[in-house]
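[1] Requesting a structural model of the entry that follows:
(2 chains, ligands or ions: 3)
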Amino acid sequence: MHELSVTQEIVRILVDEAERHGVKSVDSVKLSLGAFSTFQPYAVNFYFDILKKDHPMLKNTRLEIEVRPGECVCRECGKRFFSESLTQSLPVCPNCGSIFVEILSGRDFKILYMEVNDEDKNSKECS
Amino acid sequence: MKIKILKSVLEQNDNQAQINRKKFKQTGTLGVNVMGSPGCGKTTLIEEIVKSMKDKYRIGVIEGDYAGTVDAEKLSSYGIPVVQLDVSSCHLNADFVGSALNHMSLDELDIVLIENVGNLICPAEFDIGDLLKLVLYSVPEGDDKPIKYPLMFSQADAVVLTKIDLLPHFEFNKKKVKESISRLNKKFELFEFSKKDPTSVKLVANYLESNFRKLVRSYGDL
Ligand SMILES: Nc1nc2c(ncn2[C@@H]2O[C@H](COP(=O)(O)OP(=O)(O)OP(=O)(O)O)[C@@H](O)[C@H]2O)c(=O)[nH]1
Ligand SMILES: [Mg+2]
Ligand SMILES: [Zn+2]
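    Residues are numbered from 1 along each chain as shown, chains lettered A, B, ... in the order given. Ligands and ions are numbered 1, 2, ... in the order given. Prediction:
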């Protein structure tokens, strides 16, 4: 449910960057999502498809959300471990089964880059 | 062609949160984020805190309700500044709180109590720039909540067990709760509150008071 506000923020950043670079149409956007983030990609995509309609440069834009591994340490046995995929639930220690686990990395959600068609880019930057 | 962006989606919120936090520190105002499930007793506790502290401290309230103004109206009746935010979201964010702060004279306030939207998930993800986090946890919710919502409990400066008068009617093992929060959080304080026992707010009020003093002391050092 809190995906709506992060998706609004994604749209705001994309519109901003597209305008700054004089881009008329964005093909795709690459995002990276930490494996321990609580944001759900399907929900981000769902809101994005609604919100993008208000912005001509995003009309044909696809989001590519790549999940980045996150690292944890178990508070009970001290084991460090990684998760490659979105956990969607609490990390569980693979060594002792404990759920009392500290997340060291993998809670971030970043916009990496956008892919644009060169012909769509107007001459703003060149002039 | 690729255009690099490399921005955190939460960056704008985090920046605004830092602005809010700086404002609280510079004016020596203790901004308190009051979080917990819907109906866990946030407004009730805030009301009791206001009643018990308002003669000694200048208190303001920010009400982040999803809909309606009942909570804000109730609190305004104590003659303190109350800003109602129409949040229409599952959490407060730093922008909402920033705009509320623009309607308050922080220089003239000692403590601002911010009632977040009732939810144990989303408010934990969005920093609002507070200086203290109170997590309320009511007895009828059952004693497994810290395990199910670890992020919220791991961030708490203090956890207040509310509706403690209902203990005889629910299966709620206080010891188990304390243990499971301790595993997530190394430094929290634990309080018990019941609106049926007017003295129970005292310990929470003392806790706020000592944090306010600490803030003012560090403010003097600046
Ligand atoms: N028995 C008992 N009931 C309480 C206590 N504190 C609050 N309540 C009741 O719980 C209900 C909800 O209390 P509120 O203070 O409105 O809770 P809230 O967290 O502000 O609720 P929302 O703003 O809707 O999320 C009310 O009916 C209160 O009277 C308590 O200590 N004991
Ligand atoms: Mg309330
Ligand atoms: Zn372990």
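[2] Kindly list the single helix or strand of chain B that scores lowest on mean pLDDT.
    Every helix and strand in chain B was compared by mean pLDDT, DSSP states H and E; the lowest is helix B:70-76, with a mean of 81.
[3] oh, I was asking about chain A
    strand A:101-105 (a mean of 86).
[4] Pretty sure residue B:128 sits in a strand.
    No - read with DSSP: H, G, I helix; E, B strand; the rest coil, residue B:128 is coil and lies in no strand.
[5] what's the spacing between residue B:33 and residue A:18?
    Going from residue B:33 to residue A:18 by CB to CB, to the nearest Å gives 35 Å. For every residue, glycine as well, the C-beta is placed using N, CA and C.
[6] Run the contact check for stretch B:93-111 versus chain A.
    Yes - on the criterion CB under 8 Å from any CB of the partner chain, stretch B:93-111 is in touch with chain A at residue B:93.
[7] CA atoms of stretch B:158-172 as CSV?
    What follows is stretch B:158-172, C-alpha atoms only, in CSV (Å, rounded to 0.1, in the frame of the first residue of the first chain):
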residue,chain,number,x,y,z
ALA,B,158,10.1,3.6,23.8
VAL,B,159,7.3,1.1,23.5
VAL,B,160,4.1,1.8,25.5
LEU,B,161,1.9,-1.1,26.2
THR,B,162,-1.5,0.4,26.2
LYS,B,163,-4.9,-0.8,27.4
ILE,B,164,-3.1,-2.6,30.1
ASP,B,165,-6.4,-2.8,32.1
LEU,B,166,-7.5,-5.4,29.6
LEU,B,167,-4.7,-7.8,30.5
PRO,B,168,-7.0,-10.2,32.4
HIS,B,169,-9.2,-10.6,29.3
PHE,B,170,-6.5,-11.4,26.7
GLU,B,171,-3.7,-13.9,26.2
PHE,B,172,-0.8,-11.4,26.4
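[8] longest single helix anywhere in chain A?
    helix A:3-20 (DSSP state H).
[9] Residue B:32 is in contact with residue B:111, correct?
    Yes - counting by CB atoms under 8 Å, residue B:111 does reach residue B:32; the two are 6.6 Å apart.
[10] what residues are shared contacts of the two?
    residue B:208 (CB atoms under 8 Å, 6 or more residues apart in numbering or on different chains).
[11] quick one: low-confidence parts of the chain?
    Picked chain A for this. Where chain A drops to pLDDT under 70, the residues are A:1, A:88-89, A:118-127.
[12] could you do chain B instead?
    Scanning chain B residue by residue, the ranges that satisfy pLDDT under 70 are B:66-68, B:220-222.
[13] Would you map the helices across it?
    With helices called from DSSP H, chain B shows them at B:11-27, B:42-53, B:70-76, B:94-101, B:122-125, B:145-148, B:150-155, B:174-184, B:201-221.
[14] for these, which one ends up most surrounded?
    Highest mean neighbour count among these (mean count of other CB atoms under 10 Å in any protein chain shown): helix B:122-125, with a mean of 23.
[15] name the helices or strands packed onto it?
    strand B:30-35, helix B:150-155 (3 or more CB pairs under 8 Å, 6 or more residues apart in numbering or on different chains; DSSP states H and E).
[16] chain center to the last one: distance?
    Taking the mean C-alpha point of helix B:150-155 and that of its whole chain, the gap between them comes to 13 Å (CA atoms, centre = their mean, to the nearest Å).
[17] Repeat that for the first one.
    Its chain's C-alpha centre lies 3 Å from the corresponding centre of strand B:30-35 when counted by CA atoms, centre = their mean.
[18] Mind listing the strands that strand pairs with, and their directions?
    Applying DSSP bridges, strand B:30-35 is found paired with strand B:111-115 (parallel), strand B:132-138 (parallel).
[19] Show me the contact partners of the last one.
    Under the criterion CB under 8 Å, 6+ apart, residues B:30-37, B:39-42, B:45, B:145-146, B:152-153, B:155-163, B:166, B:177, B:204, B:208, B:211 lie in contact with strand B:132-138.
[20] Which positions in chain B make contact with ligand 2?
    Neighbours of ligand 2 within chain B, by CB under 5 Å from the ion: B:42-43, B:71.
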